[in-house]
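1. sequence and predicted model, in that order:
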Amino acid sequence: MIDTRLAPYGAFVLRAALGVMFIAHAYLKVAVFGIAGFEGFLTQVGLPAIFAWPIILAELLGGAAILAGVQSRLVATALLAVLVGAFFVHVPNGWVFNAPNGGWEYPAFLIAAAVAHILIGEGAFAVRRTTVPFLSNQPLSAA
């Protein structure tokens, strides 16, 4: 049974954690690895270096939108592409994320967290709830 009194706050905690995680990873790529370092990592794993800025901006802007609750279910759906990409980049490294170049369990967990957020909804304190019919709390069709 879902506790309808507290569930919106639990959904908010999930949404906030997911948003902060995306922002932190964008910051990590810029401030710790550096743009050139992240571009080098992408080319090392077989991806074009030109993906660096789109990934960083998606994580930063998407993370901020998720954190604020601005169409966050739709944003999380779009960011699944980044998470699935990260998952497949890290699969060859094994399970543990502290392995060289990181393992796959953390991206897998983030995929699960994003899917949970998409299914549960924005929760409390959302600035603008998702209005896409199949991702909103509105009935799909009355007809």
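-> All right, it came through fine. Numbers count the residues shown, from 1 in each chain.

2. when you work out contacts or count neighbours from here on, use the C-alpha atoms and nothing else.
-> Fine.

3. just for this protein, where's the confidence low?
-> 136-143 (pLDDT under 70).

4. swap in 80 and give it another go.
-> 97, 132-143 (pLDDT under 80).

5. residues contacting stretch 15-23, please?
-> 59-69, 72, 110, 113-114, 117, 122-123 (C-alpha atoms under 8 Å, 6 or more residues apart in numbering).

6. buried residues, that stretch. List them.
-> Neighbour-count burial for stretch 15-23, counted by 16 or more other C-alpha atoms under 10 Å, picks out 15, 16, 17, 18, 19, 20, 21, 22, 23.

7. and if you look at stretch 111-124?
-> 111, 113, 114, 115, 116, 117, 118, 120, 121, 122, 123, 124.

8. please apply the same query to stretch 84-101.
-> Within stretch 84-101, the residues that count as buried by 16+ other C-alpha under 10 Å are 86, 87, 89, 90, 93.

9. my read is that the second one contacts residue 104, right?
-> Right, residue 87. Yes - Residue 87 lies in contact with residue 104 (C-alpha atoms under 8 Å); the separation is 5.5 Å.

10. assign the closest residue to residue 56 other than its chain neighbours to helix, strand or coil.
-> Nearest non-adjacent residue to residue 56, counting by C-alpha to C-alpha, 6 or more residues apart in numbering: residue 26, 5.0 Å away. Assigned with DSSP: H, G, I helix; E, B strand; the rest coil, residue 26 falls in the helix class.

11. wait, residue 26 touches residue 64, no?
-> No - using C-alpha under 8 Å, residue 26 is not in contact with residue 64; the gap is 10.8 Å.

12. now the buried residues of stretch 111-124 in a markdown table, with distance to residue 55?
-> Shown next, in a markdown table, are these (distance: C-alpha to C-alpha, whole Å):
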| residue | distance to residue 55 |
| --- | --- |
| 111 | 16 |
| 113 | 19 |
| 114 | 16 |
| 115 | 19 |
| 116 | 22 |
| 117 | 20 |
| 118 | 20 |
| 120 | 25 |
| 121 | 24 |
| 122 | 23 |
| 123 | 26 |
| 124 | 28 |
